[in-house]
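# pasting a predicted model and its sequence here:
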Amino acid sequence: MIYGQPMAQMPLDLYIPPDAMAVMLDAFEGPLDLLLYLIRKANVNVLDIPMAPLTVQYLTYVEAMRTHNLELAADYLVMAAMLIEIKSRMLLPRAKVAAGEEVEDPRAELVRRLIEYEQMKLSAHRLNEMPQAERDFDWVEIWVEKSMLQRLPEVSVDDLKDAWSAILRQARLHTHHHIQREELSVREHMGLILRHLRDAGGFVEFVDMFDATLGASVLVVHFLAMLELAREHLLEITQAETFAPIYVRLADGRVKSESVE
Amino acid sequence: MAESNPNPLNNSPVESSSELPAMPATMPGDTGEMKRILEAVLLTAQQPLSVADLKKVFTQEISNDVMRVLLDELREDWVGRPAELMQLASGWRFRTRAEYLPYLERLNPETPPKYSRAVLETLAIIAYRQPVTRGDIEDIRGVTVATQIIKVLEERGWVDVVGHRDTPGRPALLATTKKFLDDLGLRSVTELPPLEQLNQTLELADAQ
Amino acid sequence: MAESNPNPLNNSPVESSSELPAMPATMPGDTGEMKRILEAVLLTAQQPLSVADLKKVFTQEISNDVMRVLLDELREDWVGRPAELMQLASGWRFRTRAEYLPYLERLNPETPPKYSRAVLETLAIIAYRQPVTRGDIEDIRGVTVATQIIKVLEERGWVDVVGHRDTPGRPALLATTKKFLDDLGLRSVTELPPLEQLNQTLELADAQ
């Protein structure tokens, strides 16, 4: 940075080459920045600013900027006016104040602003030195192949009930067909029997179709289901001769022929 | 899909590691650090990186063989970890292992897909009237049942063929499976909501 | 090698164990698997994830203490590796260690955003003096603040309007965002570098 070059005294007359001036103006973030530069460069205490030489020097810069037709921000002129005002107040004899009352230094506000600005300027520099996303590191973000996660629709019992209600509502429009009323448990056992026969190759001895451990009521339902299947010609119940074993056979030509082979 | 082969390296005829030389003595630099560099690059990559891309990362020249050894080692390092280094058609990239996807899903739940009315009605008919043929379902619904609908339910493992009705064409008899009961939290189809009330409503309507 | 500690659970000397309870006896499930789940989720995260987010991932209830232990262990597991698990303002996320950026840049030579002094000074004032109006910033900097400067910071997602001051014109009050803290690796503005104590000199001078 441009700080820290000690100088025995502030040069009252200072020449800056025109192109250097353009560069310098660019380098300053505003009048406070320029003032800080002048103060630091002269190595004077910010708390005891020699207002007269500082003002002269500041005005020299501003004048130089103006003569080089650089677009001069109004902020620089406002600051110039402020410096001149402080300088003139410094020249006035101090009014006597009652004991204990503080005497306000005309420079106090300027000093407060310079210090706060310098603090922020240094903080900006520090922030910029901290590791920053994208500039100094990247976020880890590996790939997720969402299609690998097969999402299946969820169905609840209520969905089925609603679907059934919809079917019934629809069925009113088709009065020609009837929806049979049967015990659901019988229908379930019809499925179980068919599955049992299918898995066993289509041919099972009657007694093997029943699991006595399931209890009487289940056995009854199972038997009813078997009779219903026979009535619907889905299976055959055969007995070669009296007292011979009874067989239950899937009334499925294909399966039957396979089981015969 | 390009990722269908979870371990494409083992059967890539050209680059199979058995043909590769062991880490050459001329291996430049510190291979541990080189792997860490590759890892950093691959962990942040927005798309798969080709071997040519990965070579650009290093200032020194790296042969394809060396790069291959490094990538193979890096992939080995990630065995047993929740992501895997994949070689895809367009290059290398890390990918979350499938078994961790349900956890990611819980973080950003998407609305689950839904079955169409046709699928639900078909399922309801099979559940309440099993065993039924496709013709039975069509009679009850009053419309043709697309093969696709039955297929969806079969693929889900909720419905299967339990036999064939002994009528012309020997139509398949469909019934619900044990998986269907498990998935719906039922012990038996008798636990489905009773239909008496619904049927009575219908009869009432029919009588009018 | 990065994997020098293949089973970090067995010798996890939980960093901050002095403040934290040891792994409680009631620890649910397999902690190794829980860490892998957390790792999977954090490696894929598109933004930092809060502890509340991370808890959602598990079906079982997990206490903040247990989550903290798991995260600390996971961070330990990544020591010496090219990425690090960071605790940031809005949660936890993996990022690459700064020394690997030159390699990443070689692959993706996008010029990272470099901010002008005006932007940086404005950012510093918003960060250290928040909430501030544009007028406050202009007072401190002694110059007009171009709309573009604020816009750059807003577009980066580092600064936003948090309210309006109840003065004529109801000027917008600007403050830094969580993203600003995340992007600088901070958990809170209190972790910003302390301000230079320049005003001590002022007090000294006043006393004279």
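That came through fine. Numbers count the residues shown, from 1 in each chain, chains lettered A, B, ... in the order given.

# quick one, strands of chain A?
For chain A, the strands defined by DSSP state E occupy A:203-205, A:235-239, A:246-250.

# what average pLDDT does the second one get?
The pLDDT scores in strand A:235-239 average 83.

# what sits up against it?
Identification of contacts with strand A:235-239 by Cβ atoms under 8 Å, 6 or more residues apart in numbering or on different chains yields A:193-194, A:197, A:206, A:226, A:229-230, A:245-251. C-beta: built from backbone N, CA, C; applies to glycine.

# and if we set it to 10 Å?
For strand A:235-239, contacts defined as Cβ atoms under 10 Å, 6 or more residues apart in numbering or on different chains pick out A:190, A:193-194, A:197, A:202-204, A:206, A:209, A:226-230, A:244-252, A:256, B:163, B:166.

# residue A:58 contacts residue A:86, correct?
No - Residue A:58 is not in contact with residue A:86 according to Cβ atoms under 10 Å; the separation is 11.2 Å.

# roughly how far apart are the most centrally placed residue in chain B and residue A:148?
Centroid-nearest residue in chain B: residue B:98, 8.6 Å away (criterion: Cα atoms, centre = their mean). Distance of residue B:98 to residue A:148, given as Cβ to Cβ, to the nearest Å: 5 Å.

# at which residues are the helices of chain B located?
Taking DSSP state H, the helices of chain B run over residues B:31-44, B:51-56, B:64-77, B:101-107, B:117-129, B:134-141, B:147-155, B:178-184, B:196-207.

# touching chain A at all, the fourth one?
The reference is to helix B:101-107. Yes - using Cβ under 10 Å from any Cβ of the partner chain, we find that helix B:101-107 touches chain A at B:101, B:102, B:104, B:105.

# nearest to chain A among those?
Closest to chain A out of those is residue B:101 (4.0 Å), distances taken as Cβ to the nearest Cβ.

# just the pLDDT for that closest one.
Confidence for residue B:101, expressed as pLDDT, is 90.

# nearest residue to residue B:91 other than its sequence neighbours?
residue B:48 (3.6 Å; Cβ to Cβ, 6 or more residues apart in numbering or on different chains).

# what's the burial count for the residue in chain B positioned nearest to chain A?
Here chain B gets closest to chain A at one residue, residue B:175, 3.4 Å apart by Cβ to the nearest Cβ. If you count neighbours by other Cβ atoms under 10 Å in any protein chain shown, residue B:175 ends up with 24.

# tell me who's in contact with it.
Contacts of residue B:175 (Cβ under 10 Å, 6+ apart): A:187-188, A:190-192, A:194-195, B:126-127, B:129-132, B:159-163, B:189.

# for the spatially closest residue to residue B:49 that is not a sequence neighbour, name its beta-bridge partners.
Leaving aside its sequence neighbours, residue B:49 sits nearest to residue B:91 (Cβ to Cβ, 6+ apart; 4.7 Å). Beta-bridge pairing of residue B:91 under DSSP bridges involves residue B:88.

# what's the spacing between residue B:91 and residue B:43?
Distance from residue B:91 to residue B:43, by Cβ to Cβ: 14 Å.

# how about residue A:156?
41 Å.

# what of residue A:49?
54 Å.

# same question for residue B:172.
Residue B:172 is 52 Å from residue B:43, where distance means Cβ to Cβ.

# can you check residue B:143 too?
From residue B:143 across to residue B:43, the span is 53 Å (Cβ to Cβ).

# neighbour count: these two, which is higher?
Using other Cβ under 10 Å, the more surrounded residue of residue B:143 and residue B:43 is residue B:43, with 25 against 12.

# quick one, what contacts that one?
Residue B:43 touches A:138-142, B:83, B:85, B:93-94, C:43, C:81-83, C:94-96, C:100, C:104, counting by Cβ under 10 Å, 6+ apart.

# can you pull the domain assignment for chain A?
Domain assignment for chain A by automatic domain parsing gives A:18-93+A:104-129, A:157-250.

# please tabulate those domains in a markdown table, including the columns distance to residue C:153.
Output for the domains of chain A, formatted as a markdown table (distance: least, Cβ to Cβ, whole Å):
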| stretch | distance to residue C:153 |
| --- | --- |
| domain A:18-93+A:104-129 | 12 |
| domain A:157-250 | 51 |
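
# got these as TSV, with mean neighbour count columns?
Compiled in TSV, the domains of chain A are given as follows (neighbours: other Cβ atoms under 10 Å in any protein chain shown):
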stretch	mean neighbour count
domain A:18-93+A:104-129	17
domain A:157-250	16
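
# which of the ones you listed has the lowest mean pLDDT?
Least confidently modelled of the domains of chain A is domain A:157-250, at a mean of 78 by mean pLDDT.

# how far away is the residue in the stretch 151-261 of chain A that chain B sits nearest to from chain C?
Taking Cβ to the nearest Cβ, chain B has its nearest neighbour within the stretch 151-261 of chain A at residue A:191, 3.4 Å off. Remark: distance between residue A:191 and chain C (Cβ to the nearest Cβ, to the nearest Å) = 33 Å.
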